[in-house]
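Asks: Quick one: sequence and predicted model below, then my questions.
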Amino acid sequence: MAYVRIYFTRFITEARSVTSSAPTATERESIITLVETMINHLKSLKEVLLDAALELDRRMKSTRQTGSVIGVERIAVMAVLNLAHEVISAPKVDDSQEE
């Protein structure tokens, strides 16, 4: 994370030198915090997408094993449709009461 901090501090300083005076310490910290937050969200998004891909792969293998669907594209569509049906049919969860 230190490399990211140094890189964006330099980027902010160079951007400011073109437009106006050097950024204040508060501005640098605010932008660095924002960038670090964005990076953390991207890491968690990557994990979620990987989990989704693995689940889809598992479901495609299961659909293929039934033998009722032929062709990779059709197997993928059937797996996604079944997953979408499960999500839509699942009971709704109130996010505000999870904690």
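Replies: Okay, I see it. Everything quoted here is computed from the prediction, not taken from an experiment.

Asks: next helix or strand past the helix or strand that contains residue 28?
Replies: Following DSSP states H and E, the helix or strand that holds residue 28 is helix 25-66. Using DSSP H and E, the helix or strand that follows helix 25-66 towards the C-terminus is helix 72-89.

Asks: Distance-wise, check the residue nearest the centre of the chain relative to residue 64.
Replies: Among the residues of the chain, the one closest to the centroid is residue 45, at 2.0 Å (CA atoms, centre = their mean). Computed as CB to CB, to the nearest Å, the residue 45 to residue 64 distance reads 28 Å. The C-beta positions use only the backbone N, C-alpha and C, and glycine is treated the same way.

Asks: Please tell me how far residue 33 sits from residue 47.
Replies: According to CB to CB, residue 33 stands 22 Å off from residue 47.

Asks: Same check on residue 91?
Replies: For residue 91, the distance to residue 47 - CB to CB - is 25 Å.

Asks: between these two, which one's more packed in?
Replies: Of the pair residue 91 and residue 47, residue 47 is the one with more neighbours under other CB atoms under 10 Å, namely 10 against 4.
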